[in-house]
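**Q** fold the following and give me the result.
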Amino acid sequence: MHFMQKVPRALKISSVAVGLVAIILGGFFATGHAAFASSATPDIAHQITVHPDISKVTKDTSAVHFGCQDRPIDGSAGLRCYQPSQIQAAYGLTPLLNKGINGKGRTIAIIDAFQSPYVQSDLSIFDSTFGLPTADFQQIAPQGLTPFDPNDGNMDGWAEEITLDVLWAHAAAPGAKILLVLATSNDDTALYNATKYVVDNNLADTISQSFGEAETCMDPNLLKKQHTLFEQAAKKKITVFASSGDSGASQFNCDGTAAILSASSPASDPLVTGVGGTTLNADSATGAYIGETAWTEQLLGCNPPAVALDDINCSGGGFSTIYGRPSFQFGIPNTSRSGRGVPDVSYNAGVNGGVLTHCGICNLLSGLDPADPTIFFLFGGTSAGSPQWAGLTAVGDQLAHHRFGDINPALYLIGRAHGLYADSFHDVTTGNNDVSEIGTGYDTATNWDAVTGLGSPNASKLLPLLGVFTLVS
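**A** I've put the predicted structure just below:
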């Protein structure tokens, strides 16, 4: 997706790992200091618009297969695509699912705006097509449900985002409850209120937020309240994720007229796990992991948001000017700058290499039957990663028999331990998120970088470690 402001089980774990916690756990669990401005005035709302990256495909009539699954990842024969079983295999989730560790008993809250009138139908078609269990799905609108207008492009973008978030959180954690929490609008104040309702009422184990804005464009008073909310979430052991953005090292400025060097909020908050993007190469039949590069669409490149709303195609990342470098990032390569670095982790985000998604609103906008079960869409963007990481965490919570809560300190603890890191992550070392309009960006590197973070997960290795490390924290 593009997002911008305005016009946008149980497995054994080695004693070595446990010992590592005792040796180096110490002071790595503090977060960065925030430079907040106080304000007695009402919060100034700022709109966050989403524009998912999508492409239409048709299912082969003879099997649960799409021709795009067989295309090479270089794009020479058109866009590559993946179905749930491939993504599950590529990121090491399949061994856990095969043992019945699928997120059962856990809840994923997805925060979105407005509504999608087709999300329940989309979920049913998605499940029946790919052999997933029927989802435990609930939708709530704490401040009221806004009527849907298909002629409102802003609402359409959010409806598409809702579909992606719900379906692929379910694909990552097929046994978890999916709680879709809808804000009345795309104002950052309304999205904050929806998130606050979840945290105040302790409704979920993990939260996904597939949206963001330049962190300096959020009202300082609201930013302070948001950080306090994330502190409350951490105390309740709720894990919070947010997408890092789709416009590389840039975001829109506050009036939406140009690109600026900026990290994205809420991903830049040190109590949030920011999710960046990659282009995944996985076996077309088995889904076995082959490799990844930083996400930049080969045909379009990483173009600045001011060029066109539909032409932003690379992993968001950078350094906060609001939050200082948190202590959990001390000793991590490439984080020597004074600001909190994002993203923390990454996940498949390419439209070339997109995830197959049934999307009724997309059909409707294309003049097609919203309930047609043969037409799917490829979705890309960092917004595909946030709900899937939330799903992985729900699986991990079930495996560990406790909530993980804030996982950032544990992630970076693993990042400092070479053997554990190599087993738990795919380190992405090819690509960048340079943006020509602002004349800068960041390169991938060994271990952490401001494009793909620590990399993408090998869930069957990573989740047991997180279960131990977050328990002792």
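
**Q** contacts and neighbour counts: CA atoms only from here.
**A** OK.

**Q** which strands and helices sit next to the strand or helix carrying residue 226?
**A** Residue 226 is part of helix 220-235 when elements are defined by DSSP states H and E. For helix 220-235, the elements it packs on are helix 188-200, strand 239-243, judged by 3 or more Cα pairs under 8 Å, 6 or more residues apart in numbering; DSSP states H and E.

**Q** okay, the ones you listed, which one's buried deepest?
**A** strand 239-243 (a mean of 30; mean count of other Cα atoms under 10 Å).

**Q** dump that strand to CSV, restricted to CA.
**A** This file holds the C-alpha atoms of strand 239-243, laid out as CSV (Å, rounded to 0.1, in the frame of the first residue of the first chain):
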residue,chain,number,x,y,z
THR,A,239,2.4,-6.0,20.9
VAL,A,240,2.0,-3.1,18.5
PHE,A,241,3.0,-3.1,14.8
ALA,A,242,2.9,-0.4,12.2
SER,A,243,4.0,-0.2,8.5
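
**Q** mind checking the SS state of the residue nearest to residue 238 when sequence neighbours are not counted?
**A** In this structure, residue 238 finds its nearest non-sequential neighbour in residue 405, 4.4 Å apart by Cα to Cα, 6 or more residues apart in numbering. Here residue 405 is coil, with the state taken from DSSP: H, G, I helix; E, B strand; the rest coil.

**Q** residue 426 and residue 291, how far apart?
**A** 8 Å (Cα to Cα, to the nearest Å).

**Q** tell me, how many residues neighbour the residue nearest to residue 250 when sequence neighbours are not counted?
**A** Of all residues not flanking residue 250 in the chain, residue 261 sits nearest, at 4.5 Å (Cα to Cα, 6+ apart). For residue 261, the tally of surrounding residues (other Cα atoms under 10 Å) stands at 21.

**Q** same check, this time on residue 147
**A** Residues contacting residue 147 under the criterion other Cα under 10 Å number 12.

**Q** how about the secondary structure of it?
**A** Strictly by three-state DSSP, residue 147 counts as coil.

**Q** next structured bit after the lowest-mean-pLDDT helix or strand in the chain?
**A** Least confident element among the helices and strands of the chain, by mean pLDDT, DSSP states H and E: helix 15-24 (a mean of 32). Heading C-terminal from helix 15-24, the first helix or strand you meet, by DSSP H and E, is strand 48-51.

**Q** what mean pLDDT does the helix or strand encompassing residue 123 have?
**A** Element membership for residue 123, per DSSP H and E: helix 119-130. The pLDDT scores in helix 119-130 average 97.

**Q** please apply the same query to stretch 422-435.
**A** 96.

**Q** ditto for stretch 79-89
**A** pLDDT averaged over stretch 79-89 gives 96.

**Q** give me the buried positions along the helix holding residue 123.
**A** Across helix 119-130, burial judged by 16 or more other Cα atoms under 10 Å covers 119, 120, 121, 122, 123, 124, 125, 126, 127, 129.

**Q** just put the residues you listed in JSON lines and tack on distance to residue 163.
**A** Below are the buried residues of helix 119-130 laid out as JSON lines (distance: Cα to Cα, whole Å):
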{"residue": "119", "distance to residue 163": "6"}
{"residue": "120", "distance to residue 163": "9"}
{"residue": "121", "distance to residue 163": "10"}
{"residue": "122", "distance to residue 163": "7"}
{"residue": "123", "distance to residue 163": "8"}
{"residue": "124", "distance to residue 163": "11"}
{"residue": "125", "distance to residue 163": "12"}
{"residue": "126", "distance to residue 163": "10"}
{"residue": "127", "distance to residue 163": "13"}
{"residue": "129", "distance to residue 163": "15"}
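
**Q** for residue 443, state which of those is nearest.
**A** residue 126 (36.3 Å; Cα to Cα).

**Q** report the separation between that closest one and residue 164.
**A** 11 Å.

**Q** which residues do those two both contact?
**A** Shared contacts of residue 126 and residue 164 (Cα atoms under 8 Å, 6 or more residues apart in numbering): residue 357.

**Q** thinking again about what came up before, give me the angle between the helix holding residue 226 and strand 239-243.
**A** 130 degrees (axes from the mean of the first three to the mean of the last three Cα atoms, to 10 degrees).

**Q** please identify the buried residues of helix 220-235?
**A** 220-224, 226-227, 229-234.

**Q** could I have the CA atoms of it written out in CSV?
**A** What follows is helix 220-235, C-alpha atoms only, in CSV (Å, rounded to 0.1, in the frame of the first residue of the first chain):
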residue,chain,number,x,y,z
PRO,A,220,2.6,17.3,19.2
ASN,A,221,-0.1,16.9,21.9
LEU,A,222,-1.6,14.0,20.0
LEU,A,223,1.8,12.5,19.5
LYS,A,224,2.4,12.6,23.2
LYS,A,225,-0.9,11.0,23.9
GLN,A,226,-0.2,8.3,21.3
HIS,A,227,3.1,7.5,23.0
THR,A,228,1.4,7.3,26.4
LEU,A,229,-1.1,4.9,24.8
PHE,A,230,1.7,2.7,23.6
GLU,A,231,3.2,2.7,27.1
GLN,A,232,-0.2,1.5,28.4
ALA,A,233,-0.2,-1.2,25.7
ALA,A,234,3.3,-2.3,26.7
LYS,A,235,2.2,-2.6,30.4
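
**Q** tell me the mean pLDDT over that helix?
**A** Mean predicted confidence for helix 220-235 is 97.

**Q** what ranges do the strands span in the stretch 301-450 of the chain?
**A** 318-324, 339-342, 345-348, 354-357, 375-380, 425-426 (DSSP state E, counting those that start in this stretch).

**Q** residue 405 reaches residue 237, doesn't it?
**A** Yes - contact criterion Cα atoms under 8 Å: residue 405 and residue 237 qualify, at 3.5 Å.

**Q** residues shared between the contacts of those two?
**A** In contact with both residue 405 and residue 237: residue 205, using Cα under 8 Å, 6+ apart.

**Q** counting neighbours, what do you get for residue 291?
**A** Neighbours around residue 291, by other Cα under 10 Å: 15.

**Q** what are the phi and psi angles of it?
**A** Dihedral pair for residue 291: phi 180, psi 170, per degrees, to the nearest 10.

**Q** check it and give its pLDDT.
**A** Reading off the model, residue 291 has pLDDT 98.

**Q** likewise residue 258?
**A** 84.

**Q** surely it meets residue 252?
**A** Yes - if you go by Cα under 8 Å, residue 258 and residue 252 touch, sitting 5.7 Å apart.

**Q** phi first, then psi, for residue 182.
**A** The phi/psi pair for residue 182 (degrees, to the nearest 10) is phi -100, psi 130.

**Q** for this structure, which helix is longest?
**A** Identified as the longest helix of the chain according to DSSP state H is helix 153-172.

**Q** for that helix, packing partners?
**A** Using 3+ Cα pairs under 8 Å, 6+ apart, helix 153-172 sits against strand 48-51, helix 84-90, strand 107-113, helix 119-130, strand 177-183, strand 354-357, helix 360-365, helix 385-400.

**Q** could you check the angle that helix makes with strand 107-113?
**A** Using the same axes, to 10 degrees: helix 153-172 against strand 107-113 is 170 degrees.

**Q** please consider this matter closed, and thank you.
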